[in-house]
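[1] Sequence unavailable; structure follows:
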């Protein structure tokens, strides 16, 4: 039972990092689209990934491996987080 708890704690840590990264980059992208911040190369790539229903590279770096398009990946992320809760 202890090893299961350790694995779940590690997974929760990874998901927390991912969710924080998603929150911060989405906030930055919103400001850039509104003209309140500079649209960096990273944010521009993120915007293009959204348009193509792909997982942005900036999220991929801290995410679990998946070949799903963004829409399916996001549904899967919600299910995984709900399971951990």
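    That came through, no problem. Bear in mind the structure is a predicted one, so any value in this text is a computation, not a measurement. Residues are numbered from 1 along each chain as shown.

[2] How many residues are close by residue 32?
    17 (other CB atoms under 10 Å). The way it works is simple: take the backbone N, C-alpha and C, and place the C-beta from them, glycine included.

[3] in this structure, which ranges drop under the pLDDT threshold?
    Within the chain, no stretch has pLDDT under 70.

[4] If we use 80, what do you get?
    1 (pLDDT under 80).

[5] Do a quick rundown of the helices in the protein.
    2-34, 41-51, 57-60, 70-84 (DSSP state H).

[6] winner for burial among those?
    Stretch with highest mean neighbour count among the helices of the chain: helix 57-60 (a mean of 16; mean count of other CB atoms under 10 Å).

[7] which secondary structure elements does that one contact?
    helix 2-34, helix 41-51 (3 or more CB pairs under 8 Å, 6 or more residues apart in numbering; DSSP states H and E).

[8] Which phi and psi values does residue 66 adopt?
    Dihedral angles of residue 66 (phi, psi; degrees, to the nearest 10) stand at phi -160, psi 140.

[9] thought it was touching residue 80?
    No. Using CB atoms under 8 Å as the test, residue 66 is too far from residue 80 to be in contact (10.4 Å).

[10] Please enumerate the shared neighbours of those two.
    By CB atoms under 8 Å, 6 or more residues apart in numbering, residue 66 and residue 80 have no common neighbours.

[11] quick one: contacts for residue 11?
    Contacts of residue 11 (CB under 8 Å, 6+ apart): residue 84.

[12] Can you tell me how far it is from residue 55?
    18 Å (CB to CB, to the nearest Å).
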